[in-house]
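A.B. asks: Structural data only, the sequence is not supplied:
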(Lines give C-alpha, C1' and ligand atoms only; values in the text may rest on other atoms or scores of the structure.)
Protein backbone atom coordinates (compact mmCIF):
# COMPACT_ATOMS: atom_id res chain seq x y z
CA UNK A 1 0.00 0.00 0.00
CA UNK A 2 1.58 3.36 -0.97
CA UNK A 3 2.34 5.55 2.00
CA UNK A 4 0.56 8.47 0.37
CA UNK A 5 -2.83 6.81 0.93
CA UNK A 6 -2.12 6.74 4.64
CA UNK A 7 -0.99 10.37 4.57
CA UNK A 8 -4.21 11.44 2.83
CA UNK A 9 -6.37 9.48 5.25
CA UNK A 10 -4.64 10.95 8.29
CA UNK A 11 -4.73 14.47 6.87
CA UNK A 12 -8.46 14.12 6.30
CA UNK A 13 -9.07 12.91 9.84
CA UNK A 14 -6.87 15.69 11.24
CA UNK A 15 -8.71 18.34 9.22
CA UNK A 16 -12.06 17.00 10.40
CA UNK A 17 -10.76 17.41 13.94
CA UNK A 18 -9.70 20.99 13.20
CA UNK A 19 -13.09 21.82 11.69
CA UNK A 20 -14.74 20.38 14.79
CA UNK A 21 -12.63 22.52 17.12
CA UNK A 22 -13.44 25.60 15.05
CA UNK A 23 -17.17 25.05 14.56
CA UNK A 24 -18.51 23.50 17.76
CA UNK A 25 -19.16 25.34 21.02
CA UNK A 26 -19.73 22.37 23.31
CA UNK A 27 -16.50 21.97 25.31
CA UNK A 28 -16.80 18.18 25.40
CA UNK A 29 -17.18 17.92 21.60
CA UNK A 30 -14.15 20.19 21.17
CA UNK A 31 -12.22 17.89 23.48
CA UNK A 32 -13.34 14.84 21.48
CA UNK A 33 -12.14 16.47 18.28
CA UNK A 34 -8.71 16.97 19.88
CA UNK A 35 -8.69 13.23 20.61
CA UNK A 36 -9.54 12.60 16.96
CA UNK A 37 -6.55 14.69 15.86
CA UNK A 38 -4.27 12.78 18.25
CA UNK A 39 -5.46 9.50 16.76
CA UNK A 40 -4.82 10.68 13.20
CA UNK A 41 -1.23 11.50 14.20
CA UNK A 42 -0.86 8.10 15.86
CA UNK A 43 -1.98 6.27 12.73
CA UNK A 44 0.46 8.27 10.61
CA UNK A 45 3.33 7.51 12.99
CA UNK A 46 2.63 3.78 12.74
CA UNK A 47 2.41 3.99 8.94
CA UNK A 48 5.76 5.80 8.74
CA UNK A 49 7.30 3.27 11.14
CA UNK A 50 6.23 0.44 8.83
CA UNK A 51 7.51 2.40 5.84
CA UNK A 52 11.00 2.68 7.34
CA UNK A 53 10.88 -0.95 8.37
CA UNK A 54 10.05 -1.96 4.80
CA UNK A 55 12.99 0.09 3.49
CA UNK A 56 15.34 -1.50 6.04
CA UNK A 57 14.12 -5.02 5.24
CA UNK A 58 14.69 -4.40 1.54
CA UNK A 59 18.26 -3.35 2.38
CA UNK A 60 19.39 -6.62 3.91
CA UNK A 61 19.23 -8.50 7.19
CA UNK A 62 16.18 -8.26 9.49
CA UNK A 63 16.40 -5.30 11.88
CA UNK A 64 14.29 -3.47 14.42
CA UNK A 65 14.36 -0.23 12.43
CA UNK A 66 11.16 1.72 12.87
CA UNK A 67 10.23 0.46 16.32
CA UNK A 68 10.71 3.97 17.71
CA UNK A 69 7.57 5.13 15.92
CA UNK A 70 5.44 2.58 17.70
CA UNK A 71 7.06 3.39 21.07
CA UNK A 72 6.19 7.02 20.41
CA UNK A 73 2.55 6.11 19.73
CA UNK A 74 2.47 4.24 23.03
CA UNK A 75 3.73 7.32 24.89
CA UNK A 76 1.26 9.57 23.06
CA UNK A 77 -1.55 7.31 24.27
CA UNK A 78 -0.21 7.53 27.84
CA UNK A 79 -0.10 11.32 27.73
CA UNK A 80 -3.56 11.47 26.12
CA UNK A 81 -5.05 9.39 28.94
CA UNK A 82 -3.55 11.71 31.56
CA UNK A 83 -4.69 14.76 29.61
CA UNK A 84 -8.27 13.50 29.34
CA UNK A 85 -8.59 12.91 33.07
CA UNK A 86 -7.43 16.44 33.93
CA UNK A 87 -9.37 18.07 31.08
CA UNK A 88 -12.64 16.39 31.98
CA UNK A 89 -12.15 17.44 35.61
CA UNK A 90 -11.76 21.05 34.42
CA UNK A 91 -14.91 20.77 32.28
CA UNK A 92 -16.89 19.32 35.21
CA UNK A 93 -15.70 22.18 37.42
CA UNK A 94 -16.69 24.68 34.74
CA UNK A 95 -20.13 23.07 34.48
CA UNK A 96 -20.60 23.23 38.23
CA UNK A 97 -19.91 26.96 38.25
CA UNK A 98 -21.95 27.98 35.19
CA UNK A 99 -24.40 25.10 34.49
CA UNK A 100 -23.30 25.15 30.87
CA UNK A 101 -20.56 23.58 28.75
CA UNK A 102 -20.43 26.53 26.36
CA UNK A 103 -16.80 27.19 25.46
CA UNK A 104 -17.49 30.94 25.33
CA UNK A 105 -17.54 30.92 29.13
CA UNK A 106 -13.76 30.68 28.98
CA UNK A 107 -13.67 34.18 27.48
CA UNK A 108 -14.08 35.42 31.03
CA UNK A 109 -10.55 34.34 31.80
CA UNK A 110 -9.44 37.63 30.31
CA UNK A 111 -11.05 39.70 33.08
CA UNK B 1 -7.99 -5.65 -5.95
CA UNK B 2 -6.56 -7.68 -3.11
CA UNK B 3 -8.18 -8.32 0.24
CA UNK B 4 -5.82 -5.90 1.98
CA UNK B 5 -6.79 -3.08 -0.36
CA UNK B 6 -10.49 -3.76 0.09
CA UNK B 7 -10.04 -3.76 3.87
CA UNK B 8 -7.97 -0.58 3.74
CA UNK B 9 -10.56 1.34 1.75
CA UNK B 10 -13.44 -0.01 3.82
CA UNK B 11 -11.76 0.98 7.10
CA UNK B 12 -10.79 4.40 5.72
CA UNK B 13 -14.33 5.10 4.56
CA UNK B 14 -15.67 3.96 7.93
CA UNK B 15 -13.21 6.18 9.81
CA UNK B 16 -13.94 9.29 7.73
CA UNK B 17 -17.71 8.78 7.75
CA UNK B 18 -17.75 8.28 11.51
CA UNK B 19 -15.52 11.32 12.04
CA UNK B 20 -17.92 13.46 10.01
CA UNK B 21 -20.83 12.08 12.02
CA UNK B 22 -19.02 13.08 15.24
CA UNK B 23 -19.09 16.63 13.92
CA UNK B 24 -22.67 16.84 12.72
CA UNK B 25 -24.44 14.94 15.50
CA UNK B 26 -26.52 17.26 17.64
CA UNK B 27 -26.66 14.90 20.59
CA UNK B 28 -23.30 14.60 22.45
CA UNK B 29 -23.96 10.95 23.31
CA UNK B 30 -24.25 10.13 19.61
CA UNK B 31 -20.96 11.97 19.03
CA UNK B 32 -19.25 9.77 21.60
CA UNK B 33 -20.63 6.61 20.00
CA UNK B 34 -19.45 7.69 16.54
CA UNK B 35 -16.02 8.49 17.97
CA UNK B 36 -15.85 4.94 19.31
CA UNK B 37 -16.54 3.76 15.75
CA UNK B 38 -13.58 5.89 14.56
CA UNK B 39 -11.35 4.26 17.17
CA UNK B 40 -12.44 0.79 16.08
CA UNK B 41 -11.64 1.66 12.46
CA UNK B 42 -8.20 2.97 13.46
CA UNK B 43 -7.57 -0.22 15.45
CA UNK B 44 -8.43 -2.15 12.31
CA UNK B 45 -5.81 -0.14 10.48
CA UNK B 46 -3.26 -1.04 13.16
CA UNK B 47 -4.07 -4.73 12.71
CA UNK B 48 -3.65 -4.33 8.93
CA UNK B 49 -0.22 -2.84 9.62
CA UNK B 50 0.57 -5.76 11.96
CA UNK B 51 0.91 -3.42 14.95
CA UNK B 52 -0.99 -5.83 17.18
CA UNK B 53 0.07 -4.35 20.52
CA UNK B 54 -1.03 -0.85 19.53
CA UNK B 55 -4.34 -2.16 18.17
CA UNK B 56 -5.19 -3.76 21.50
CA UNK B 57 -3.92 -0.79 23.53
CA UNK B 58 -5.94 1.57 21.33
CA UNK B 59 -9.09 -0.45 21.98
CA UNK B 60 -8.50 -0.80 25.72
CA UNK B 61 -7.30 2.73 26.46
CA UNK B 62 -9.29 4.83 23.99
CA UNK B 63 -12.50 2.93 23.27
CA UNK B 64 -12.52 1.32 26.70
CA UNK B 65 -11.36 3.86 29.24
CA UNK B 66 -11.37 7.35 27.74
CA UNK B 67 -14.70 7.07 25.96
CA UNK B 68 -16.37 5.63 29.06
CA UNK B 69 -15.04 8.66 30.95
CA UNK B 70 -16.56 10.96 28.31
CA UNK B 71 -19.89 9.11 28.51
CA UNK B 72 -19.90 9.36 32.31
CA UNK B 73 -19.31 13.11 32.19
CA UNK B 74 -21.98 13.66 29.53
CA UNK B 75 -24.53 11.65 31.48
CA UNK B 76 -23.53 13.41 34.72
CA UNK B 77 -24.30 16.76 33.11
CA UNK B 78 -27.47 15.47 31.43
CA UNK B 79 -26.53 16.97 28.06
CA UNK B 80 -28.76 16.41 25.07
CA UNK B 81 -29.63 18.01 21.75
CA UNK B 82 -31.80 20.70 23.38
CA UNK B 83 -29.05 22.11 25.58
CA UNK B 84 -26.48 22.08 22.79
CA UNK B 85 -24.97 25.57 22.33
CA UNK B 86 -24.91 26.61 18.66
CA UNK B 87 -22.47 28.85 16.88
CA UNK B 88 -23.58 31.38 14.32
CA UNK B 89 -23.88 29.90 10.84
CA UNK B 90 -21.26 32.28 9.45
CA UNK B 91 -18.79 31.17 12.10
CA UNK B 92 -19.46 27.54 11.16
CA UNK B 93 -18.91 28.34 7.49
CA UNK B 94 -15.66 30.17 8.26
CA UNK B 95 -14.42 27.24 10.34
CA UNK B 96 -15.25 24.71 7.63
CA UNK B 97 -13.59 26.84 4.95
CA UNK B 98 -10.40 27.31 6.96
CA UNK B 99 -10.23 23.60 7.75
CA UNK B 100 -10.74 22.78 4.08
CA UNK B 101 -8.00 25.22 3.07
CA UNK B 102 -5.65 23.56 5.56
CA UNK B 103 -6.43 20.15 4.07
CA UNK B 104 -5.93 21.42 0.50
CA UNK B 105 -2.55 23.00 1.28
CA UNK B 106 -1.24 19.87 2.98
CA UNK B 107 -2.54 17.52 0.28
CA UNK B 108 -0.91 19.56 -2.47
CA UNK B 109 2.30 19.59 -0.42
CA UNK B 110 2.29 15.80 -0.10
CA UNK B 111 1.52 15.35 -3.79
CA UNK B 112 4.60 17.36 -4.72
CA UNK B 113 6.96 15.85 -2.13
CA UNK B 114 9.50 13.70 -3.94
CA UNK B 115 10.41 11.95 -0.69
CA UNK B 116 7.06 10.27 -0.54
CA UNK B 117 6.94 9.06 -4.13
CA UNK B 118 7.07 5.29 -4.61
CA UNK B 119 7.44 4.54 -0.93
CA UNK B 120 5.22 1.77 0.29
CA UNK B 121 4.07 0.58 3.70
CA UNK B 122 4.70 -2.97 4.82
CA UNK B 123 1.28 -4.54 5.35
CA UNK B 124 0.59 -7.64 7.52
CA UNK B 125 4.30 -8.50 7.72
CA UNK B 126 7.24 -7.35 9.80
CA UNK B 127 7.52 -8.18 13.48
CA UNK B 128 8.26 -4.80 15.06
CA UNK B 129 4.64 -4.39 16.16
CA UNK B 130 4.53 -7.56 18.23
CA UNK B 131 4.40 -7.37 22.02
CA UNK B 132 7.71 -9.24 22.38
CA UNK B 133 9.77 -6.74 20.38
CA UNK B 134 8.00 -3.65 21.67
CA UNK B 135 8.40 -4.87 25.24
CA UNK B 136 12.11 -5.48 24.74
CA UNK B 137 12.59 -1.95 23.39
CA UNK B 138 10.37 -0.42 26.04
CA UNK B 139 12.09 -2.04 29.01
CA UNK B 140 15.67 -1.67 27.83
CA UNK B 141 16.14 1.40 25.68
CA UNK B 142 13.12 3.43 26.79
CA UNK B 143 12.81 2.42 30.42
CA UNK B 144 13.43 5.95 31.79
CA UNK B 145 10.59 7.61 29.81
CA UNK B 146 8.39 4.66 30.80
CA UNK B 147 9.00 5.29 34.48
CA UNK B 148 8.56 9.04 34.04
CA UNK B 149 5.18 8.40 32.44
CA UNK B 150 4.09 6.62 35.63
CA UNK B 151 4.97 9.78 37.57
CA UNK B 152 2.92 11.72 35.00
CA UNK B 153 -0.04 9.44 35.67
CA UNK B 154 0.27 9.95 39.40
CA UNK B 155 0.33 13.72 39.01
CA UNK B 156 -2.63 13.60 36.60
CA UNK B 157 -4.60 11.56 39.12
CA UNK B 158 -3.81 13.98 41.95
CA UNK B 159 -4.60 16.93 39.67
CA UNK B 160 -7.95 15.51 38.61
CA UNK B 161 -8.96 14.89 42.23
CA UNK B 162 -7.83 18.34 43.36
CA UNK B 163 -9.64 20.10 40.50
CA UNK B 164 -12.77 17.99 40.74
CA UNK B 165 -13.37 18.04 44.48
CA UNK B 166 -15.97 20.34 45.96
CA UNK B 167 -14.64 23.12 48.10
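C.D. replies: Arrived safely, thanks for sending. What you are looking at is a predicted structure, and each value in this text was computed from that prediction instead of being measured. Numbering: from 1, shown residues only, chains lettered A, B, ... in the order given.

A.B. asks: Spatially central residue for chain B, please.
C.D. replies: Among the residues of chain B, the one closest to the centroid is residue B:39, at 5.7 Å (Cα atoms, centre = their mean).

A.B. asks: Now do that one against chain A, distance only.
C.D. replies: 7 Å (Cβ to the nearest Cβ, to the nearest Å). (Each C-beta comes from the backbone N, C-alpha and C, glycine too.)

A.B. asks: Identify the residues contacting that residue.
C.D. replies: Residue B:39 makes contact with A:39, B:58, B:59, B:62, B:63, B:67, according to Cβ atoms under 8 Å, 6 or more residues apart in numbering or on different chains.

A.B. asks: What residues of the one helix or strand it maps to count as buried?
C.D. replies: Per DSSP states H and E, residue B:39 falls inside helix B:28-48. Within helix B:28-48, the residues that count as buried by 16 or more other Cβ atoms under 10 Å in any protein chain shown are B:28, B:31-48.

A.B. asks: Tell me the spatial nearest neighbour of whichever residue of chain B sits closest to chain A, not counting adjacent residues.
C.D. replies: Taking Cβ to the nearest Cβ as the measure, the point where chain B comes nearest chain A is residue B:95, at 3.1 Å. Take residue B:95 and drop its neighbours on the chain: the residue closest to it by Cβ to Cβ, 6 or more residues apart in numbering or on different chains is residue A:22, 3.1 Å away.

A.B. asks: phi, psi of the one you found?
C.D. replies: phi -80, psi -30 (degrees, to the nearest 10).

A.B. asks: between the contacts of residue B:39, which is nearest residue A:81?
C.D. replies: Closest approach between the contacts of residue B:39 and residue A:81, by Cβ to Cβ: residue B:62, at 8.5 Å.
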